[in-house]
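Participant: would you be able to build a 3D model of this:
(2 chains)
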Amino acid sequence: MSLLFKGRTNKNQKQKKSVLAGGYFFIINIFRQGVHSLGEMWRTPLASLMTIAVLGLSLTLPATLYLVVKNVQQVSSGFEEASEISLFVKESMSEQETQTLVKRLALYPEVEGVAFISKQEALTEFKDVSGFGQALEYLDSNPLPDVVLVTPTKRHRQPNAAKALLTKLEGEREVDFGKLDIAWLERLNALLSLLKESVITITLLLLTSVTLIIGNTIRLSIMDKKEEIQVMKLVGATNTFIHAPFLWTGIWYGVIGGLFAFICIALMMWWLSSAVSSVAGVYQTSFSLIGLTLKEFGFLVLLATSLGFVGSYLSVNRYIKEIEPDKV
Amino acid sequence: MINFQQVSKTYPGGHRALEKVNFHIKPGELAFLTGHSGAGKSTLLKLISLMERPSAGSVFINGVDLNKVNSRQIPYARRDIGIIFQNHRLLERYTVFDNVALPLIIEGTHHNQIAKRVHGALDKVGLIDKIKCHPSMLSGGEQQRVGIARAIVNSPPILLADEPTGNLDPELSMEILRLFEDFNKHGTTVLIATHDLGLVARMKYRSLTLKDGRMLQDPLAEGAL
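Facilitator: The predicted model follows:
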């Protein structure tokens, strides 16, 4: 469109374009620039490959840490339930009172099963497993109490629910005290959340570095094409026209870097899977590593693409503005 | 067509490049802009091509006050002005075809039209056989003609040339100036900045002379006629 000469039409502008056709050509031109910038990267294969490798590896590390957390969670999910609550019955309770307690506990909606271990059974078991069998012979009476083992329903096996159930059960008249061994579970959960926090921190740092790497690569590319940008501005190029190839380059770095990271992760999973199977075999369990799902793969590539765009946008916005044709 | 009204330009630091310059170039006119180095020729061309803004006064092109052209509109305004540089400013990594096609690509011209018009422009400057060459493979005169082809490929109504014959021998210089004459005969307004007074004398066209930022001699200036 001519700004200074309203009536001016070039031969190439003779046909009046509709808004729709104008939009169509704009989009086609944007994609053409995308393909062109991919070609530009192809023309400097070594430099492009190195940048992509740096990005890919920077993305591989947080993605790997994420998978570590995911796999540890998978392993620990089997332990994350309080399977049993031990209730120690008061010494003063008669056998009949204890049996009434067992029957009453079985009726609790939070309770899946109840097992009774008499003090005599407990002593016999203790003699068998403790190695103090002979020493126990010298005791005048059996020091062990009757124990009721309560198995909570699935819903009440989670640490907080199990704790609440314990408090409720300890309120029973016949119960001296109860025990729920979840301290180790809490420690495991604390470690897991520490790991998650560390992963988030490292991820944020690495993603920032990815953005800066792309931004710096685009900055160098802008500086390299300074003369070209000046000439383009002189012959009437708009900012959109000048910015587009650099933004596309950033996007391509992101997309290819994301795919590179995915390939690295896939290779690593393949490499580790046999070692993990061997370890699982030693512990007589069947455990296999979980990789990235399709959704997670999509997210990884999308994230890398977004970082590529943001990095290049920051550079383009900052540096191209400064390049003005100053010499005729 | 090109109208300067009391135009002054002072650069940051206080250097006064132009002072109250007035002149008017009619549509379809060819004029020379002469003066010694530092007289303000380049600044004057920069004001027309919107590379600089006047500190005072107004520059009008086809009646449009360039002071009112905002930064977003500058690229569109520049498409109406073909600029030729002394050092050609060709892009080395592109071929002659790509260099000449640049203004058309920027305008969003269809690729069939681009090929047609680039061939036409290169034919006009006599370089059709160099279409696939890179600028470094061409002589100085050939590079200048590629620069001219790039400036005229989208048929701008105004052509500005800053020392277009600065690095060329007299024979080549005349050849280049004849090209400008040819474009001018087809209706293009041409303003050529040069310090080669011999060339100006031979061409017999209107000459505007700048000295220390002031317009010394303009035979068509108001009051001079």
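Participant: for the rest of this, base every contact and every neighbour count on C-alpha atoms.
Facilitator: Noted.
Participant: do the helix or strand harbouring A:Lys233 and chain B meet at all?
Facilitator: Per DSSP states H and E: A:Lys233 is located in helix A:226-234. Yes - counting by C-alpha under 8 Å from any C-alpha of the partner chain, chain B is contacted by helix A:226-234 at A:Glu227, A:Glu228, A:Val231, A:Met232, A:Lys233, A:Leu234.
Participant: skip ahead from that helix and say which helix or strand is next.
Facilitator: Heading C-terminal from helix A:226-234, the first helix or strand you meet, by DSSP H and E, is helix A:239-282.
Participant: quick check: angle from that next one to helix A:226-234?
Facilitator: If you take axes from the mean of the first three to the mean of the last three C-alpha atoms, to 10 degrees, helix A:239-282 sits at 130 degrees to helix A:226-234.
Participant: show me what the helix or strand following helix A:239-282 is packed up against.
Facilitator: As assigned by DSSP H and E, the chain's next helix or strand after helix A:239-282 is helix A:294-319. Where contact means 3 or more C-alpha pairs under 8 Å, 6 or more residues apart in numbering or on different chains; DSSP states H and E, helix A:294-319 is packed against helix A:183-224, helix A:239-282.
Participant: and the closest residue to chain A within chain B, what does it touch?
Facilitator: As assessed by C-alpha to the nearest C-alpha, chain A sits closest to B:Pro75 within chain B, at 4.0 Å. Applying C-alpha atoms under 8 Å, 6 or more residues apart in numbering or on different chains, we find B:Pro75 in contact with A:Lys233, A:Leu234, A:Val235, A:Gly236, A:Ala237, A:Thr238.
Participant: just B:Val146 next, same as before
Facilitator: For B:Val146, the contact set (C-alpha under 8 Å, 6+ apart) comprises B:His88, B:Leu90, B:Val96, B:Asn99, B:Val100, B:Leu122, B:Val125, B:Leu127.
Participant: who wins for neighbours among these?
Facilitator: Using other C-alpha atoms under 10 Å in any protein chain shown as the neighbour test, the contacts of B:Val146 are led by B:Val100, with 30 neighbours.
Participant: flag every buried residue along the strand or helix carrying B:Phe4.
Facilitator: According to DSSP H and E, B:Phe4 maps onto strand B:2-10. Neighbour counts over strand B:2-10 (16 or more other C-alpha atoms under 10 Å in any protein chain shown) mark B:Ile2, B:Asn3, B:Phe4, B:Gln6, B:Val7, B:Ser8, B:Lys9, B:Thr10 as buried.
Participant: off-centre distance for the helix or strand of chain A with the lowest mean pLDDT?
Facilitator: When each helix and strand of chain A is scored by mean pLDDT, DSSP states H and E, helix A:133-137 comes last, with a mean of 73. Counting by C-alpha atoms, centre = their mean, to the nearest Å, helix A:133-137 is centred 54 Å from the centre of its parent chain.
Participant: what about residue 195, how many residues nearby?
Facilitator: All of this is about chain A. A:Leu195 has 17 neighbouring residues, counting by other C-alpha under 10 Å.
Participant: was after chain B, sorry
Facilitator: Quick note: B:His195 (other C-alpha under 10 Å) scores 20 neighbours.
Participant: pLDDT score for it?
Facilitator: On pLDDT, B:His195 comes in at 84.
Participant: contact partners for A:Ser209?
Facilitator: Residues near A:Ser209 by C-alpha under 8 Å, 6+ apart: A:Ser58.
Participant: same thing but at 7 Å, please
Facilitator: By C-alpha atoms under 7 Å, 6 or more residues apart in numbering or on different chains, the contact set of A:Ser209 is empty.
Participant: per-residue confidence averaged over stretch A:43-60?
Facilitator: On average, stretch A:43-60 scores 90.
Participant: which residue does the stretch 151-300 of chain A have closest to chain B?
Facilitator: For the stretch 151-300 of chain A, C-alpha to the nearest C-alpha, closest residue to chain B: A:Gly236, 4.0 Å.
Participant: quick one: which helix or strand includes the residue nearest to that residue when sequence neighbours are not counted?
Facilitator: With C-alpha to C-alpha, 6 or more residues apart in numbering or on different chains as the criterion, A:Gly236 has its nearest non-adjacent residue at 4.0 Å, and that residue is B:Pro75. In the assignment (DSSP H and E), B:Pro75 maps to helix B:74-78.
Participant: what pLDDT does the nearest residue to B:Val59 once chain neighbours are set aside get?
Facilitator: Closest residue to B:Val59 apart from its sequence neighbours, by C-alpha to C-alpha, 6+ apart: B:Phe4 at 4.7 Å. On pLDDT, B:Phe4 comes in at 93.
Participant: can you check A:Gln13 too?
Facilitator: Per-residue confidence (pLDDT) for A:Gln13: 49.
Participant: please apply the same query to A:Ser18.
Facilitator: 66.
Participant: and the one 4 residues further on, by the same measure?
Facilitator: Confidence at A:Gly22, expressed as pLDDT, is 67.
Participant: do the same with B:Glu222
Facilitator: 50.
Participant: okay, and B:Lys132 sits in which element?
Facilitator: Judged by DSSP H and E, B:Lys132 forms part of no helix or strand.
Participant: again, but for B:Leu199
Facilitator: Taking DSSP H and E as the criterion, B:Leu199 maps to helix B:197-203.
Participant: about what we covered before: closest one of the contacts of B:Val146 to A:Thr293?
Facilitator: B:Asn99 (48.0 Å; C-alpha to C-alpha).
Participant: ok, back up a step: what about the residue of the stretch 151-300 of chain A closest to chain B, distance to B:Pro156?
Facilitator: Going from A:Gly236 to B:Pro156 by C-alpha to C-alpha, to the nearest Å gives 11 Å.
Participant: thanks a lot, see you next time.
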